[in-house]
Structures are given as structure tokens and as C-alpha cells.
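Visitor: Got a sequence here, can you build the structure:
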Amino acid sequence: RGHQWGTWQLVQLLERAAERVERRLPGGRLSVGEISAQSGGHLDGHRSHHSGRDVDIGFYMTDGQGRPYEAFAFADFGGNGVGLGSNSMLRFDDARNWELIGKLVADGDARVQHIFISGALERRLLREGRRRGAPRAVLDRASRVMSEPAHHPHRNHFHVRVYCNPRERPRCVDRGPFHEWYPGVPPRGE
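Guide: You can find the predicted model right below:
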């Protein structure tokens with residue numbers, strides 16, 4: 001619908017993350033949903049996505065035989081990693097989804113503020129990160145930014161938000177939380 005406009009910082013982060021997943025676990029493809037309208041502003045169906053710093057990312061998934069599966073739409077998953085409803089033949093790809101999250105939270109250029117995902121899928125990802133031997137700092141950061149918002153369980157995609165690029169302030173305004181990796185000094189009163 002023409003809502004794939006993002007900041008340079010966010011778009012570059014997505015490219016680096018997709019490249020990392022492909023390099024480490026070939027065969028999957030990153031599925032990017034809505035980001036923002038070209039001129040920003042309200043998008044129907046979203047509480048955010050106003051400034052090109054928010055993106056919806058479809059989950060990496062596999063078919064019943066473990067082969068990467070490219071869905072034509074986001075698919076809902078239960079906490080057991082099995083697709084819900086008509087997607088029951090699909091599986092949440094723990095390995096690729098963890099590689100994605102690991103890169104998103106460890107990136108040094110684009111600093112992730114939030115990753116919305118269902119609590120059950122978040123727990124799967126953190127288990128996978130521990131299983132794969134992820135550094136403690138990456139696991140800690142992932143556990144701090146991932147959460148399930150009350151208004152939407154996020155069982156079919158990640159919602160990722162990055163902080164403003166310091167060069168775009170004060171035109172771009174961040175709101176809390178301000179993690180210790182926040183680039184610069186948090187705005188006063190926050």
C-alpha cells in the first residue's frame with residue numbers, strides 16, 4: 001500500500017539483519033511489512049509507524065519438513081511454535097528468528113528500543129539464543145527490548161522500533177524507555 005518508507009538507519013538495519021540470517025542459515029527470506037507512509041503521519045491499523053522508525057517483520061517459518069517457507073501473509077503461531085488455524089502445517093523457525101533478533105539488538109548503528117512479540121514466542125527465542133550460545137549481553141538486551149503489548153499479542157510478526165538518529169534531533173523526538181544503549185542524552189523530563 002505504499003507504506004514501505006523508512007529512515008536510512010532502519011532500512012540499513014533490516015538489510016544487515018537479513019544478510020546475517022542468510023549467511024548463517026541460508027534459505028529463508030526476510031518478510032517486511034509496513035514501515036511508514038512516504039511523508040510520515042498516521043497509518044490506519046497502527047498506533048505508531050508515523051516516522052519511518054517502526055517496522056513490522058514477518059516471522060521466519062518452515063513447513064512441516066523443516067524447509068524454509070515463504071508465506072504470502074503474516075501467519076499466527078502458538079507458544080509451541082506451531083501455526084494456528086489454517087497455518088497449522090507451519091512452524092516458527094526458532095533458529096532464523098533468533099539470528100534476526102540477535103543482530104537487531106547487537107547492531108551498533110541502529111539502536112533498537114522495542115521489539116513487540118507474544119510472550120510465549122519471546123520465551124522460545126531466548127531459549128534458542130541460550131541454546132546457540134549467544135553472548136550474555138545480547139541475551140540481556142533481547143530480553144529487555146522484547147515484550148508483549150496489552151493491545152496486540154503479536155503472534156504473527158515482530159514490531160521493531162529504533163531510536164532517533166542523533167543527527168535527526170530535535171526534529172525527531174524519542175520517548176522512553178531510554179535504555180543504556182540510547183544514542184546520546186535522553187530528552188529532559190524523561
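Visitor: Quick one: distance of stretch 143-156 to the chain centre.
Guide: On the basis of C-alpha atoms, centre = their mean, to the nearest Å, stretch 143-156 sits 10 Å off its chain's mean C-alpha point.
Visitor: List of residues touching it?
Guide: 47, 58-59, 74-78, 84, 101, 105, 112-119, 121-122, 125-126, 179 (C-beta atoms under 8 Å, 6 or more residues apart in numbering). C-beta: built from backbone N, CA, C; applies to glycine.
Visitor: how about whichever strand or helix holds Leu139: buried residues?
Guide: Per DSSP states H and E, Leu139 falls inside helix 136-145. Residues of helix 136-145 classed as buried: Val138, Leu139, Arg141, Ala142, Arg144, Val145 (neighbour count, 16 or more other C-beta atoms under 10 Å).
Visitor: tell me the contacts of Ala18?
Guide: Arg29, Leu30, Leu100.
Visitor: Using the three-state scheme, assign it.
Guide: At Ala18, secondary structure determined by DSSP: H, G, I helix; E, B strand; the rest coil is helix.
Visitor: Could I get the pLDDT score of it?
Guide: Looking at Ala18, its pLDDT is 97.
Visitor: Now do Asp54: how many residues are near it, please.
Guide: Using other C-beta atoms under 10 Å, Asp54 has 24 neighbouring residues.
Visitor: All good on my end, thank you.
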